[in-house]
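Novice: Build the 3D model from these lines:
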Amino acid sequence: MRFKRNITCKKILSLFKNQNGSPFFNAKGLAIGVFSGCFPFFGFQTLIGVFFAKIAKGNIVLAAVGTWISNPFTYVPLYYFNYKVGSIFLNNSSNQVLEKSLVLDDLWKQGRIFSLKLLLGSSCVGIILALICGSIVFFIYKIKNKK
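Specialist: A predicted model of the protein is given here:
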């Protein structure tokens, strides 16, 4: 129980603040983590983010932190938004899957359409959020290094 009492917001922010490495190294790690966190692979997002950060030679700790963009409080809004974005790119009504009667033969087709929309939307939203978060972190670390 002592471990839980010693974790504070200040300690979590200091973990973020005290990372070594170049601004690009840190920003790359966080951007990869944010990108991985946008996908609906519950429980595997951190592993995926750390794996790709290791391959891309980015900050592994910040990649793990970046996956926290999706958490139990943001799952529903984030994935609903990703689904809507995917529906826009596929030029389909986002309610088309829900309007059809569920016939056993159509169930697999509807599942594929739903998954495709969600993954396409997750990719697009992930790229945009990764670029935004990576840029912000890059400039934060650049300013920190000048001091």
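Novice: Going by C-alpha atoms from here, please, whenever you check contacts or count neighbours.
Specialist: Noted.
Novice: and the residue nearest to residue 35 when sequence neighbours are not counted, what are its phi and psi?
Specialist: Of all residues not flanking residue 35 in the chain, residue 126 sits nearest, at 4.3 Å (CA to CA, 6 or more residues apart in numbering). Dihedral pair for residue 126: phi -60, psi -40, per degrees, to the nearest 10.
Novice: Report the contact partners of residue 126.
Specialist: For residue 126, the contact set (CA atoms under 8 Å, 6 or more residues apart in numbering) comprises 34-39.
Novice: next one: residue 131
Specialist: residue 31 are the contacts of residue 131 under CA under 8 Å, 6+ apart.
Novice: how close does the residue nearest to residue 35 get to residue 144?
Specialist: Per CA to CA, to the nearest Å, residue 126 is found 26 Å from residue 144.
Novice: Kindly report the same for residue 76.
Specialist: As for residue 76, its distance to residue 144 is 35 Å (criterion: CA to CA).
Novice: show me where pLDDT drops low in this structure?
Specialist: 1-7, 9, 12-13, 92-108, 147 (pLDDT under 70).
Novice: Pull the contacting residues for the residue positioned nearest the centre of the chain.
Specialist: Central residue of the chain (CA atoms, centre = their mean): residue 37, 2.3 Å from the mean position. Counting by CA under 8 Å, 6+ apart, residue 37 touches 45-46, 49, 66-70, 126.
Novice: tell me which of those residues is nearest to residue 82?
Specialist: Closest approach to residue 82 among the contacts of residue 37 (CA to CA): residue 126, at 8.9 Å.
Novice: quick one, helices of this structure?
Specialist: 2-6, 9-17, 23-37, 45-55, 60-66, 75-89, 96-99, 104-146 (DSSP state H).
Novice: how many other residues sit next to residue 110?
Specialist: Residues near residue 110, counting by other CA atoms under 10 Å, number 17.
Novice: How about the one 3 residues further on?
Specialist: By the criterion of other CA under 10 Å, residue 113 has 18 neighbours.
Novice: can you check residue 130 too?
Specialist: When neighbours are defined as other CA under 10 Å, residue 130 has 25 of them.
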